[in-house]
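Enquirer: Starting from these lines, generate the structure:
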Amino acid sequence: MQNTASLPVDQFSDLLRRLPPDLDLDELARQTKAIERPRKLDNGTTLLRLALARGPGGLSLSATAAWATLLGLPSMSDPGVKYRLDKAVAFLNAVMTSQLAAKSAGASVRWAGRILRACDGTCISKRGSKGTDWRVHAVYDLGRGGFSHLDLTDAHGAEAVDRGAPVAGEVRIGDRNYGTAASLQRFRQQSANQADFIVRVRWRGFSLSLADGSGFDLIDHLGTLPNDMTPHEVMVQAKVGPLDPSLPLRLIIQRKSPEAAEATRKKLISEASRKQKTLDPRSLVAAEFMIVGTSLPAEGYPAEEVLAVYRLRWQIELAFKRLKSLLHIDKLPTFTEDASRSWLYAHLIMALLCDDLSQEFLESSP
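Expert: A predicted model of the protein is given here:
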């Protein structure tokens, strides 16, 4: 496959036409101070092209400089290219934000009038690092088949279900990392209770009580459930903060197959051994169950359908795999903050362009 850096001029023009029509790259470059004193590089279009060549194009700084000269773009040294791209961080972020703002919500997938979106994050490490250096947070529109929100943070940026503003009618789906009372409460408040959530629940992820205020022990409750595969429900309240109202939570609990439960238990035991920690026996009890929490009412949203919708979140995991296997966003070659942000934003811009291109494939005849 031909990479971005080798695209001839006419194909790059086609790429530019996929950007929002009201996006003025030259003006944006000046507003974000990516270009302050025009010398060799004096326009936002060329700056974006350099960033795409250096980022998803896969070129080194020296190769980017040589490629630009061969293509008739402004001639720059390796440090000159780095300087320009380091200054372009806010510019590239603004381009990505403009792309996201131009996207409309996808069609309803499961329930009429509801927009299904999954949220997740992926970790990126620089060369030689054994931990997380950067984290890409995303919301993926299941009806449209593309990202509706992207956010880049360092390793300290926590995952939260309210990253990315909700829209009326949305149902946001998240795994265990998104099951925190405070972020779920913010998500509901931001949408004026017009958006709902479905999240996987850890057995000790919430401080729970019943509607009358009496305590609720989830592990004890699991022990009372019959030995069948039928989903069971219970309405509880999750404590948010000392001065905040409680979060109403509808728990849907389904027993796993014996094989799946055993696989989860083995994984827990292995992780505890690797980390040299004592495994809480209650974790082995919870390992037998699939537990989700939702703000959706029981009327119109049966437990079986809520569980089926939760399982659709694998699509955002595939989207991240494409970012890594096709765009190689996990092959971070930079070390400084500005260089890394510039390189990563260029990849996210290209990912959104790929989303648009894939829609054309889906709409065309086989």
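Enquirer: Now do the stretch of helix or strand residue 100 belongs to: which elements does it pack against?
Expert: Element membership for residue 100, per DSSP states H and E: helix 89-101. Counting contacts by 3 or more Cβ pairs under 8 Å, 6 or more residues apart in numbering; DSSP states H and E, helix 89-101 packs against helix 25-31, helix 44-54, strand 146-154, helix 337-363. C-beta here means a position set from N, CA and C on the backbone, and glycine is covered the same way.
Enquirer: ok, then the element right after that helix?
Expert: Downstream of helix 89-101, the first helix or strand assigned by DSSP H and E is strand 115-124.
Enquirer: From residue 228, how far out is residue 222?
Expert: For residue 222, the distance to residue 228 equals 13 Å [Cβ to Cβ, to the nearest Å].
Enquirer: who's more crowded, those two?
Expert: Ranked by neighbour count (other Cβ atoms under 10 Å), residue 222 and residue 228 place residue 222 first, with 18 against 9.
Enquirer: correct me, but the more buried one touches residue 285?
Expert: Yes. Taking contacts as Cβ atoms under 8 Å, residue 222 lies within contact range of residue 285: 5.9 Å.
Enquirer: Spell out which residues are contacts of both of those two.
Expert: residue 203 (Cβ atoms under 8 Å, 6 or more residues apart in numbering).
Enquirer: hang on, the earlier thing: who's in contact with the helix holding residue 100?
Expert: The contact list for helix 89-101 (Cβ under 8 Å, 6+ apart) reads 19-20, 23, 25, 28-29, 31-34, 44, 47-48, 51, 147-150, 152, 338, 341-342, 345-346, 348-349, 352-353.
Enquirer: Quick one, which of those are buried?
Expert: For the contacts of helix 89-101, a burial check counting by 16 or more other Cβ atoms under 10 Å picks out 19, 23, 25, 28-29, 32, 34, 44, 47-48, 51, 147-150, 152, 341-342, 345-346, 348-349, 352-353.
Enquirer: picking up where we left off before, so how far is the helix holding residue 100 from its chain's centroid?
Expert: Distance of helix 89-101 from its chain centroid, counting by Cα atoms, centre = their mean, to the nearest Å, is 16 Å.
Enquirer: All the helices of the stretch 201-350 of the chain, residue numbers only.
Expert: Using DSSP state H, counting those that start in this stretch, the helices of the stretch 201-350 of the chain run over 218-223, 258-274, 281-286, 303-310, 314-325, 337-363.
Enquirer: which residue is nearest the centroid of the protein?
Expert: residue 138 (1.8 Å; Cα atoms, centre = their mean).
Enquirer: Wait, a strand at that one?
Expert: Yes. Residue 138: assigned to a strand according to DSSP: H, G, I helix; E, B strand; the rest coil.
Enquirer: does it have beta-bridge partners, and which?
Expert: Applying DSSP bridges to residue 138 yields these beta-bridge partners: residue 120, residue 150.
Enquirer: Surely it is in contact with residue 313?
Expert: No. Assessed by Cβ under 8 Å, residue 138 is found out of contact with residue 313, at 11.6 Å.
Enquirer: Give me the common contacts of these two.
Expert: In contact with both residue 138 and residue 313: residue 120, using Cβ under 8 Å, 6+ apart.
Enquirer: hmm, back to that, can you list the helices of the stretch 201-350 of the chain in JSON lines and add distance to residue 297 and mean pLDDT?
Expert: As requested, the helices of the stretch 201-350 of the chain are exported to JSON lines (distance: least, Cβ to Cβ, whole Å; pLDDT from 0 to 100):
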{"stretch": "helix 218-223", "distance to residue 297": "21", "mean pLDDT": "97"}
{"stretch": "helix 258-274", "distance to residue 297": "28", "mean pLDDT": "96"}
{"stretch": "helix 281-286", "distance to residue 297": "25", "mean pLDDT": "97"}
{"stretch": "helix 303-310", "distance to residue 297": "11", "mean pLDDT": "98"}
{"stretch": "helix 314-325", "distance to residue 297": "25", "mean pLDDT": "96"}
{"stretch": "helix 337-363", "distance to residue 297": "32", "mean pLDDT": "89"}
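Enquirer: For residue 160, which of those helices is the nearest?
Expert: Set against residue 160 and scored by Cβ to Cβ, these come closest in helix 314-325, at 15.2 Å.
Enquirer: so residue 253 bridges to which residues?
Expert: Under DSSP bridges, the residues paired with residue 253 across the bridge are residue 232, residue 291.
Enquirer: Quick check: the gap between it and residue 232.
Expert: For residue 253, the distance to residue 232 equals 5 Å [Cβ to Cβ].
Enquirer: Neighbour count for the two, which is higher?
Expert: residue 253 (22 against 17).
Enquirer: got a list of what that one touches?
Expert: 222, 225, 231, 232, 233, 234, 289, 290, 291.
Enquirer: repeat that for 7 Å
Expert: Taking Cβ atoms under 7 Å, 6 or more residues apart in numbering, we find residue 253 in contact with 225, 231, 232, 289, 291.
Enquirer: mind checking how far the closest residue to the first one other than its chain neighbours is from residue 204?
Expert: If I follow you right, that is residue 225. Nearest residue to residue 225, sequence neighbours excluded (Cβ to Cβ, 6 or more residues apart in numbering): residue 232, at 5.5 Å. To residue 204, residue 232 is 19 Å away according to Cβ to Cβ.
Enquirer: Confirm for me that residue 202 is in contact with residue 176.
Expert: Yes. Counting by Cβ atoms under 7 Å, residue 202 touches residue 176, with 5.3 Å between them.
Enquirer: Who has more neighbours out of the two?
Expert: Set residue 202 next to residue 176 and count neighbours by other Cβ under 10 Å: residue 202 wins out with 16 against 13.
Enquirer: hey, what's residue 146 bridged with?
Expert: Under the criterion used (DSSP bridges), residue 146 bridges to residue 141.
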